[in-house]
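[1] I'll drop the sequence and a predicted model, then ask my questions.
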Amino acid sequence: MSDLTVQILQAVLALALAPLLTGMVRKTKASLQRRCGASIFQPYRDIARLMRKEAVVSHDASWIFPAAPTFILAATWVAAALVPMFAFANGLSSAADFIVIIGLLASTRFALALAGLDIGTSFGGLGSSREMLFATVAEPAILMLIFALSLICGTTRLVDIAGFIQGTQVAPHISLLLAFAGLAMLAVVENGRIPVDNPATHLELTMVHEAMVLEYSGRHLAQIELAASLKLLFYVSLISAVFLPWGIAPAGASLGQIALGLIVYLFKLAVAAKLLAFFEISIAKMRVFRVPQFTGVALMLGLLAVILLLVSRSF
Amino acid sequence: MITLSDIIGDTDRRWPRVEVTQDVWEFARTQLAERKWDLIAHWGEPGAVHLALREHGSGTTGILSLDASRGSFPSLGRDCLPARRLERAISDVVGLVPDEAPDTRPWLDHGRWTVRHPQGTPEQPAGPQRYEFLPVEGESLHQIPVGPVHAGIIEPGHFRFTCSGETVVRLEARLGYVHKGIEALIAGAPLEHAAKLAARTSGDTTVAYSTAFALAVETACAAEVPARALYLRAIMLELERIANHFGDVGAICNDAAFSLMLANCGVVREQVLRAAHAAFGHRLMMDRVIPGGVATDLAPTGQREIEKLLKKIRKAFPAIVALYEDTASLQDRTVRTGMLRHDLAMEFGAGGFIGRASGRSFDTRKVLPWAPYDTLSFETPLLQRGDVDARIRIRIAEIEQSCALLRQLLDTLPSGPILSEVVPRAAEGTAMVEGFRGDIFVWLRVNGDGSLARCHLRDPSWFQWPLLEAAIDGNIVADFPLCNKSFNCSYSGHDL
């Protein structure tokens, strides 16, 4: 199959599979709480329902508030589509630079925080201020982790990093393991999962992400929800592409190889959903001021990975 | 040194009511200010205000009444903080004005009732007025208004936070959104109907309210209640306590996003409710306690169902306690969060787990026992630290005690009738019962024809809501839900 076809297929599947991943996490959490829980397809129904509903916008909102969801969804989608999911595609690989992807996600955070402040409610401001508090440590941490990966692989291009690790059969590298742990921690912070934020809470005062989007409704909320699901899918894809790239079909692969890659990818998604649900159920949410410390650990892991690499090279 | 018993004179009644002069009222104010007496309740009726008191040390209890036919009475709130909201409520509901009151804002009445002073001389409502929250001054402070409509399905209340960054500088609650006019509805209602209204003051603690109401009516009418009925009431009361405590422990942990605890506790709570349904025909045992006894006898399989329940709890409980104690992330949230100082708990006379977690050991079942609690053996758990963790641990200990009480009650359950006739007579009755939240106080006056002239129901939350504002001080905003749930005060019982 041509690179472009694979690239388009990946982009479409990212959007199509994102709510399923959210549904799987919720279902697993429900069964761990001895509840039946909603079907794993419930997030699709929710999004369809929200799309039909009226979108209420506050009188005090500027153009930023209604525009932000579209921008956030678009930027998150592009970021998710650039990560190799089940096949390597070189179509957009020149753009699929790690730093570009992180830049896209940082801009969605900026847009969301701005939207939270835009309507002038106290919860929006509260959420935005907490989000920025977390971001001040989370963003340096993710850059540090990328430096570590780039130093190992000699490139910042995501496709090449994944290909390098898949191809050269690198032995368990201490820096790689540190980067893996750091990225997993950041995935929890960035997606607002327990113990950092609780996506299922109804308690306004404890919210971070939910506080910023509290005023959204209708199609705006649908876009925000879809973007949140896509972000989770992005992190799962990223971690599996960089650290567990096995099963990803090579560039120019046949239909059969791609089908196999897709099956492996779906399996990875299911495992990630289970692991995330298990982790979330076994831990209480931490105090807001402890989150920067938690994120700080990820930053230190990244720093350590880089230092270890430099030290080992100098010998 | 004048004591409370000097004022009320010799009597063998537990809650004698005496008319006093303004001088005695002022003396009571100084005693309250010096914390020699505890304020139990403070309410009004047209032309009079009443004050239920308990003396420290001697434990004497009594009610002082002051003539207020001139339309006002001397404020106690000047020196006695817990009296302030009660006075504001008297002013809203009856229309009697506390003289020189430090806080003259309305409390329960938000200007949206169809009449003003529903229990006094009804007047046309003035319409909604602007409510001034207490001023807070300082640099870079910001306010967060929360409620009365919340993101979750919970009772309505407004909380005004003033924060410096994430730290709460002041919290002020505004309540009264679920005022149902229960006391006004009870006035003039026949006994049977009044009992149903009283049972609905706060649905989660309906057995305690029914029991307090029934005891007050029985005191007023000098009715003898069959022994079996007294035991069945106690069984229901302890089942209610266990169900609510399990619900609370789960809900508190869930507010720290630890949903596993909610799931585990929810299972046990459901088992308690099902056992209650099997034994008494109603999951919450609503309207099962009535003046004169109980409405339904224990179902034939009831005793076995409760015994089975106790076995299930004995099996599940240690694992739940261990899960709480061994989850470090959860302990990190609860320990040293929302500390309530001992002296504040004493000053406000906080009852229930809130008082007992802050070193105030008051338990109506021990201090002012009613049958059959005077013959049962149990302990009142007591902790000093006053944080969220302590309030959870008190609940855990109380569940153990309640299970032990249930075993004693079932083992010694007498047989015989469950209901005796209450012959109405014009008289007054008072009762105090330990609900799961704390002491519920009921005072009422029965007419000779069997209807009720007046009734006052005082929820324990009256003295607990103000303490929540103190406990959150210096904590971060995000910890408020955790503190609030650990207090679990009643909106409905307070707003009445």
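    Nice, I can see it.
[2] CA only for contacts and neighbour counts going forward, please
    Noted.
[3] give me the number of residues near the residue of the stretch 351-496 of chain B found nearest chain A?
    Closest contact between the stretch 351-496 of chain B and chain A, by C-alpha to the nearest C-alpha, is at residue B:478 (4.5 Å). By other C-alpha atoms under 10 Å in any protein chain shown, the residues close to residue B:478 number 22.
[4] shouldn't it be in contact with residue A:290?
    No. Counting by C-alpha atoms under 8 Å, residue B:478 does not reach residue A:290; the two are 11.9 Å apart.
[5] residues making contact with the worst-scoring helix or strand of chain A on mean pLDDT?
    None of the helices or strands of chain A scores lower by mean pLDDT, DSSP states H and E than helix A:158-168, at a mean of 83. Applying C-alpha atoms under 8 Å, 6 or more residues apart in numbering or on different chains, the contact partners of helix A:158-168 are A:83-84, A:88, A:90, A:93, A:96-98, A:149-150, A:153, A:155, A:241-246.
[6] any idea how far the closest residue to residue A:155 other than its chain neighbours lies from residue A:80?
    Take residue A:155 and drop its neighbours on the chain: the residue closest to it by C-alpha to C-alpha, 6 or more residues apart in numbering or on different chains is residue A:161, 6.6 Å away. Distance, residue A:161 to residue A:80, using C-alpha to C-alpha, to the nearest Å: 16 Å.
[7] same question, residue B:360
    For residue B:360 relative to residue A:80 (C-alpha to C-alpha), the value is 58 Å.
[8] quick one, which of these two is more surrounded?
    The residue with more neighbours, out of residue B:360 and residue A:80, is residue A:80; 29 against 23, by other C-alpha under 10 Å.
[9] let me see the contact set for the more buried one.
    Per C-alpha under 8 Å, 6+ apart, neighbours of residue A:80: A:11, A:14, A:230-231, A:233-234, A:237.
[10] now the helices for the stretch 301-450 of chain B?
    Listed in chain order, the helices of the stretch 301-450 of chain B (DSSP state H, counting those that start in this stretch) span B:302-326, B:328-334, B:342-348, B:352-357, B:364-367, B:388-411.
[11] and what of the stretch 151-300 of chain A?
    In the stretch 151-300 of chain A, the segments counted as helices under DSSP H, counting those that start in this stretch are A:158-168, A:174-190, A:209-212, A:218-243, A:255-281, A:291-314.
[12] residues in contact with the second one?
    Put plainly, it is helix A:174-190. Contacts to helix A:174-190, defined as C-alpha under 8 Å, 6+ apart, come from residues A:134, A:138, A:141-142, A:145, A:148-149, A:152, A:194-197, A:232, A:235, A:239, A:243, A:295, A:297-299, A:301-302, A:304-306, A:308-309.
[13] export it to CSV, keeping only CA atoms.
    In CSV, the C-alpha atoms belonging to helix A:174-190 read as follows (Å, rounded to 0.1, in the frame of the first residue of the first chain):
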residue,chain,number,x,y,z
ILE,A,174,19.0,1.9,31.2
SER,A,175,18.3,5.3,29.7
LEU,A,176,15.5,3.8,27.6
LEU,A,177,13.9,2.3,30.7
LEU,A,178,14.2,5.6,32.6
ALA,A,179,12.6,7.4,29.6
PHE,A,180,9.8,4.8,29.5
ALA,A,181,9.0,5.3,33.2
GLY,A,182,9.1,9.0,32.8
LEU,A,183,6.8,9.0,29.7
ALA,A,184,4.3,6.7,31.4
MET,A,185,4.1,9.1,34.4
LEU,A,186,3.7,12.1,32.1
ALA,A,187,0.9,10.2,30.2
VAL,A,188,-1.0,10.1,33.5
VAL,A,189,-0.5,13.8,34.1
GLU,A,190,-1.2,14.9,30.6
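[14] one step back: quick one: buried ones out of the contacts of helix A:174-190?
    Buried residues within the contacts of helix A:174-190, defined by neighbour count using 16 or more other C-alpha atoms under 10 Å in any protein chain shown: A:134, A:138, A:141-142, A:145, A:148-149, A:152, A:194-197, A:232, A:235, A:239, A:243, A:295, A:297-299, A:301-302, A:304-306, A:309.
[15] enumerate the residues of the stretch 101-250 of chain B near chain A.
    Residues of the stretch 101-250 of chain B lying close to chain A (C-alpha under 8 Å from any C-alpha of the partner chain) are B:143-145, B:150-152.
[16] can I get those residues in a markdown table including neighbour count and secondary structure?
    What follows is these, written out as a markdown table (neighbours: other C-alpha atoms under 10 Å in any protein chain shown; DSSP: H, G, I helix; E, B strand; the rest coil):
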| residue | neighbour count | secondary structure |
| --- | --- | --- |
| B:143 | 16 | strand |
| B:144 | 19 | strand |
| B:145 | 16 | strand |
| B:150 | 15 | coil |
| B:151 | 13 | coil |
| B:152 | 10 | coil |
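[17] between those, which sits nearest residue B:90?
    residue B:145 (26.6 Å; C-alpha to C-alpha).
[18] just checking, that closest one touches residue B:161?
    Yes. With contact defined as C-alpha under 8 Å, residue B:145 reaches residue B:161; the gap is 6.3 Å.
[19] nearest residue to residue B:69 other than its sequence neighbours?
    What sits nearest to residue B:69 in space, not counting adjacent residues and going by C-alpha to C-alpha, 6+ apart, is residue B:47, at 4.0 Å.
[20] around that neighbour, count how many other residues there are.
    Residue B:47 has 17 nearby residues by other C-alpha under 10 Å.
[21] dump the residue contacts of the closest residue to chain B within the stretch 51-200 of chain A.
    At 5.6 Å from chain B, residue A:122 is the closest residue in the stretch 51-200 of chain A, using C-alpha to the nearest C-alpha. For residue A:122, the contact set (C-alpha under 8 Å, 6+ apart) comprises B:143-145.
[22] dump those into a markdown table; add pLDDT as well.
    Output for the contacts of residue A:122, formatted as a markdown table (pLDDT from 0 to 100):
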| residue | pLDDT |
| --- | --- |
| B:143 | 89 |
| B:144 | 89 |
| B:145 | 90 |
